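> One predicted model, sequence on top.
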Amino acid sequence: MAGKRGALIVLEGVDRAGKTTQCKKLVQALQQNGRPAEMMRFPDRSTTIGQLISSYLEKKSDLEDHTVHLLFSANRWELVPLMKKKLEQGINLVVDRYAFSGVAFTSAKPGFCLDWCKNPDVGLPKPDLVMFLKLSPTEASLRGQFGEERYETSVFQRAVQQKFEHLMKDASVNWQFCSLGLPILPLTAFHWTWTPNDVIDASASIEDVHEDIATHSLNTVSTVENQPLGELWK
Ligand code: ADP
Ligand code: FDM
């Protein structure tokens, strides 16, 4: 590798957990630390494939479930050459949703197994850091009503949450351990399944969540700059 490469940093989480807010703040923070950084998001609705996905999400068109899953994956693959180019140029990529959303959302539908859902994304650039922003459904509802898009119902989001929790048990993925003082909170404070080790507490203030995310990200950026980019789920 000629120069130092950028890090691939992904934010995942339930709807309204603050992914977009935190991605934007992280890009600014990295840039302020002298680290080139850009934001990406999936689905990227600007491409031809992305427009098919967008129309599906907006319920303007229907697509068969396997088909739309493969389109979401194709939407990532079509951006891979650009992602690799930017990472090689030393640009850190902060990505709002990635293959984990792909697997969690499709496998929450009846008749889909995790392995089938993961397959199309095997070999994608492997994130150097994946942070899962966890927020209880109650707190999420305090951040506003669901919009009109497909998947925006509390029943489906709970099913997705469970799939995410399953994915977080995969030690081959660079999930981030949380550090927001959660171990001192009694587990009974949470009215639903809680996985204290693998998440960012997204119920904290925007600034506190940001601080946590920025610290982990800056560490990762320094650690991986001389390491090769990995391949996801390979
Ligand atoms: P996501 O991208 O995960 O759906 P957003 O970043 O769009 O979430 O945030 C959803 C809403 O919640 C926005 O109105 C945002 O301002 C608000 N929000 C984000 N983070 C926090 C936070 N830590 N505390 C309170 N409100 C937040
Ligand atoms: N989504 C997102 C999927 O179903 N599969 C995927 O691979 C990805 C990346 O699309 F409901 C879902 C998740 C969410 C919607 O919404 C995208 P936002 O507001 O653009 O993140």
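Here it is on my side, so go on. Residues are numbered from 1 along each chain as shown. Ligands and ions are numbered 1, 2, ... in the order given.
> drop to CA atoms for contacts and neighbour counts, all remaining ones
Fine.
> Please tell me how far residue 101 sits from residue 141.
Residue 101 sits at a distance of 20 Å from residue 141 (criterion: Cα to Cα, to the nearest Å).
> For these two, work out which one has more neighbours and name it.
Neighbour tally, residue 101 and residue 141, criterion other Cα atoms under 10 Å: the higher count belongs to residue 101, 23 against 14.
> can you give me phi and psi for the more buried one?
phi -60, psi -40 (degrees, to the nearest 10).
> Settle this for me: it is touching residue 10, isn't it.
No - here residue 101 does not reach residue 10: they are 10.7 Å apart, not a contact under Cα atoms under 8 Å.
> give the contact list for the closest residue to ligand 2 within the chain.
Ranking the residues of the chain by distance to ligand 2 (Cα to the nearest ligand atom) places residue 102 first, at 3.0 Å. Shown here is residue 102, whose contacts under the criterion Cα atoms under 8 Å, 6 or more residues apart in numbering are 69, 72-73, 117.
> Just give the closest residue to residue 27, not the sequence neighbours.
Take residue 27 and drop its neighbours on the chain: the residue closest to it by Cα to Cα, 6 or more residues apart in numbering is residue 37, 5.4 Å away.
> Enumerate the residues of this structure near ligand 1.
Counting by Cα under 6 Å from any ligand atom, the positions of the chain adjacent to ligand 1 are 15-21, 143, 202-206.
> out of those, which are buried?
Buried by 16 or more other Cα atoms under 10 Å: 15-20, 202-203, out of the residues of the chain next to ligand 1.
> Inside strands: which ones of the residues of the chain next to ligand 1?
Under the assignment DSSP state E, those contribute nothing to strands.
> and residue 132, that one's in a strand?
Yes - assignment of residue 132 by DSSP: H, G, I helix; E, B strand; the rest coil places it within a strand.
> near ligand 2, which residues of this protein?
Taking Cα under 6 Å from any ligand atom as the criterion, the neighbours of ligand 2 within the chain are 42-43, 72, 97-99, 101-102, 105, 151.
> and the least confident of those?
pLDDT is lowest at residue 151 among the residues of the chain next to ligand 2; the value there is 95.
> Many thanks, I have nothing further to ask.
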